[in-house]
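Undergrad: my questions are about this predicted structure, shown below with the sequence.
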Amino acid sequence: MHELLYAIDAARADDWIIGRDPKSPKKYDGIEVIFRDRPQIERLSGETPG
């Protein structure tokens, strides 16, 4: 459960996912992106300081 919450926190801080990056004006913040697969969750949750 904690890993999923870390993945959400990391996604909220990621400019590309949230659409704040000028190269990516579209948001990719849906659960289908954040929880796409195990490697995606691990990548995001690893980016969050724990």
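TA: Thanks, I have the structure now. Numbers count the residues shown, from 1 in each chain.
Undergrad: report pLDDT for the spatially most central residue of the chain.
TA: For the chain, Ala11 is the residue whose C-alpha lies nearest the centre (C-alpha atoms, centre = their mean; 2.5 Å). What the model reports as pLDDT for Ala11 is 92.
Undergrad: is it in contact with Phe35, as I believe?
TA: No. If you go by C-beta atoms under 8 Å, Ala11 and Phe35 don't touch, sitting 9.5 Å apart. Just so you know, the C-beta spots here come from the backbone N, C-alpha and C atoms, and that holds for glycine as well.
Undergrad: quick check: which ranges of the protein have low pLDDT?
TA: Flagging of the chain using pLDDT under 70 yields the residue ranges 47-50.
Undergrad: what is the longest helix along it packed up against?
TA: Ranked by residue count and defined by DSSP state H, the top helix of the chain is helix 2-13. On a contact count with 3 or more C-beta pairs under 8 Å, 6 or more residues apart in numbering; DSSP states H and E, helix 2-13 meets helix 15-18, helix 31-34, helix 38-46.
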